[in-house]
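Engineer: Quick one, structure for this:
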Amino acid sequence: MREKAIVVASKKQDAQVEIRRTSVCDGCRGCSVGKEGKPLRVWAKNPINAKVGQVVEIELRAKTFLSATLIAYGLPLLAFLIGVGFGYKVSGLLNITAIEPFAMSMGVGAMFTCFLCIHLFTKREEINKKYSSRIVRVYEH
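Structural biologist: Numbers count the residues shown, from 1 in each chain. Prediction:
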């Protein structure tokens, strides 16, 4: 996945880039760029030493994008379903009469725990580096 962006800051081997809304964003509601037209700022690896103010192309490999999507959406969904199933099993053992609310709360609890684990896990520097974009080209004016 490649996008045009403007370099707005730089720090060592990284650059903060601002991604602007394009025609591809029109029907999407996935982020603030598609919803509100706000520019999205992200940090990207800067192996070509792009300077502040330059228009660049950033890339996030498809494999990386798909694995990040699976982690962000698939794992919490799986945790929710396992939590609901576990809640149904445990409610019978504990003689709980409100089975569905108990199972739902177990599912939500499992999903919340999964989100918390993902949040804590992605704070690690090596994970941040693996899932960050990189600048691949500088556009000449």
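Engineer: What distance do you get for Ala15 to Ala79?
Structural biologist: With the distance defined as Cβ to Cβ, to the nearest Å, Ala15 ends up 35 Å from Ala79. C-beta here means a position set from N, CA and C on the backbone, and glycine is covered the same way.
Engineer: Could you do Val55 as well?
Structural biologist: On the measure of Cβ to Cβ, Val55 and Ala79 end up 41 Å apart.
Engineer: Which one's more surrounded, these two?
Structural biologist: Legend: neighbour count by other Cβ atoms under 10 Å for Val55 and Ala79, higher for Ala79 (21 against 16).
Engineer: That one belongs to a helix, doesn't it?
Structural biologist: Yes: counting by DSSP: H, G, I helix; E, B strand; the rest coil, one finds Ala79 located in a helix.
Engineer: Make sure it is actually in contact with Ala110.
Structural biologist: Yes: counting by Cβ atoms under 8 Å, Ala110 is a contact partner of Ala79 at 4.4 Å.
Engineer: in the chain, which ranges drop under the pLDDT threshold?
Structural biologist: 21-37, 125-129, 141 (pLDDT under 70).
Engineer: list the helices and strands the longest helix along the chain packs on?
Structural biologist: Of all the segments assigned as helix in the chain under DSSP state H, the longest by residue count is helix 99-121. Judged by 3 or more Cβ pairs under 8 Å, 6 or more residues apart in numbering; DSSP states H and E, the packing partners of helix 99-121 are helix 75-93.
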